[in-house]
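Colleague: Pasting the sequence and the predicted model now:
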Amino acid sequence: MSGSREGPAQLWNTGTQFLDSIFEIRTLAYLLPVDVGGLNLFDIISTTTKSIRTFDIESSTVVAFAPDGQSFASGGTDGIVSIWDVSSGETTDQFTDHDNAITALAYGPDGDVVASGDTFGYIKVWRLDTGEEQNTT
């Protein structure tokens, strides 16, 4: 993966060393841990390094942004998956059915589901409109 502020992100095939895909990025942000439990959200498209918002997240080890960038999911050692609203900084939902630490998170392409994986290899898919578990493998 390569890219810059002025252009699209590019995905390269390391085997062939040819360009596979080009992605247009409209918003790019990242989360960094803060000293006393939490994450700071930064916008890296702008020229400022000022934090946009701090989220009070105690045990997060993995995050994933929704396709629209309006929310993100976090998961951690407590086995809880939390959905966060970027604008308000508040949680909008929590899923507590994992018995182990969350190690992977991903949104579906439409942003209507979140998949979570834990240290024992269980994968759960959550519907965000109903909060129900859709599938477990």
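Modeller: Received the coordinates, thanks. Numbering: from 1, shown residues only.
Colleague: Low-confidence ranges, the chain, go.
Modeller: 1-15, 17-54, 58-59 (pLDDT under 70).
Colleague: would you list every one of the strands in it?
Modeller: 9-13, 18-23, 29-33, 39-43, 51-55, 60-65, 71-76, 81-85, 91-95, 102-107, 113-118, 123-127, 133-136 (DSSP state E).
Colleague: Just checking: what are the partner strands of the shortest one?
Modeller: The strands beside strand 133-136 in its sheet (DSSP bridges) come out as strand 123-127 (antiparallel).
Colleague: so the partner strand versus strand 81-85, what angle?
Modeller: Strand 123-127 runs at 40 degrees relative to strand 81-85, counting by axes from the mean of the first three to the mean of the last three CA atoms, to 10 degrees.
Colleague: And strand 123-127, what's buried?
Modeller: K124, V125, W126 (16 or more other CB atoms under 10 Å). Using the backbone N, CA and C atoms, a C-beta is placed for each residue, glycine as well.
Colleague: from those residues, which is closest to Q94?
Modeller: W126 (10.1 Å; CB to CB).
Colleague: Pipe the buried residues of strand 123-127 into CSV and attach distance to S60 per row.
Modeller: Shown next, in CSV, are these (distance: CB to CB, whole Å):
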residue, distance to S60
K124, 17
V125, 20
W126, 17
